[in-house]
Every structure is written in structure tokens, then in C-alpha cells.
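Student: Predicted coordinates and the sequence they were generated for:
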Amino acid sequence: MASTNLTKKSWKGGPALELLLAPLVGDASPVTVIGLCKNAGKTTAMRRLMAELGEERLALTSVGRDGERTDLVTGTEKPDLYLKEGDLFATARGMLTLCDATLEVVDLTDVMTPLGPVAIFRTLSDGYVQLAGPSAAGQLGPLTARFMELGVQRVLIDGAAGRKSLAGAGVEG
């Protein structure tokens, strides 16, 4: 009898990964990665989940600032965010010069941040992006709904230190 190994998944251009996070989230969307403190590994966990989801069409946003190589508060190294062609993300206008992917503006939102208004972008090439999205839980539901209307398979939200409320009612859309 042949057995099927459900614990590994190949992903674009890479070796098979042990599936650690994808089985935990199942087909949930959005998935919000939260942590109780700064540098708890939220973005690292989200990157791992992105790799495990392989070819799924993803949409990302953050309730803090993510994707920068050096933490602006602590000066420590942080994980960057690399999206594949066709993925969507929402970020503030002030972050665009820090992205190296070729981008298409897909939609404008009414969300304002200190770094400017938040818009939805599609990556026209693989590349690095930086995120600074909505900071209020009530803004994430409409954004998630818009991502889904645009045809993504999964929405991933990188939380911020201590913002456990983002995992609560109302965020899921």
C-alpha cells in the first residue's frame, strides 16, 4: 500500500518544507499573526506560513510596520518580506520607495496613517515590500473583504506587539 506524506510541500523554486503552520490554519482567511511583545517572531512566522502556502495567491498587510531590515525602535535586525508576482498587499504611500517589486495600484482605501493613505498594490514582479497598514481592528474587516473580492486565496495580517484584539471578533471580515 502506497503512503502519502502530507507533512511536506514543494514550493516555487525551493525544496520541500515540513508543514508546521499551514495545517494549523487550515483554510482560514484572514490569518492574523499576533504576539505579546516586540520581536516575538510574528513576521518570521508569517514568512514561514507564506513559504508553506507556496503558490496560493496571497494578500498581506500589517497593523504595525513590517518588512524593514532594521527595527527603527531597537536597531535590531528584522526579517524582510518577499512577495511573489501577483500577490497583493496594502501599505501606506510613504512605504513605496522602500519596495523593490514592480507594483500596480489596484485600489485606494480611506485608511490614513502617519505614513500617508493606505492603498492596495499588486506585485508585477517578485520583490521585497514594506508594510504599514491599518492600525485599528475595525479597518481590517473591510480591507480583508476587498482583498477577497480581488481574488486572493488567503489574507495574512502581521499583528503588532500586544494587540491581541486583532485576533478577536470583527477582524475576520
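Tutor: In hand now; what should we look at?
Student: Pull out the buried residues from the helix or strand encompassing L17.
Tutor: Secondary structure assignment for L17, by DSSP states H and E: strand 14-18. Taking 16 or more other Cβ atoms under 10 Å as the neighbour-count basis, strand 14-18 is seen to contain the buried residues L17. For glycine as for every other residue, the C-beta is placed from the backbone atoms N, C-alpha and C.
Student: Report all helices and strands that the helix or strand following that strand contacts.
Tutor: Elements were assigned by DSSP H and E; along the chain past strand 14-18, the next helix or strand is helix 22-25. For helix 22-25, the elements it packs on are helix 42-53, judged by 3 or more Cβ pairs under 8 Å, 6 or more residues apart in numbering; DSSP states H and E.
Student: The helix it packs on versus strand 14-18: what angle between them?
Tutor: Angle between the axes of helix 42-53 and strand 14-18 is 110 degrees (criterion: axes from the mean of the first three to the mean of the last three Cα atoms, to 10 degrees).
Student: Show me what the longest strand seen in the chain is packed up against.
Tutor: With DSSP state E applied, the strand covering the greatest number of residues in the chain is identified as strand 103-113. Packed against strand 103-113 by the contact rule (3+ Cβ pairs under 8 Å, 6+ apart) you find strand 88-92, strand 116-123, helix 137-149.
Student: next SSE after the second one?
Tutor: The C-terminal neighbour of strand 116-123 among helices and strands, as given by DSSP H and E, is strand 127-129.
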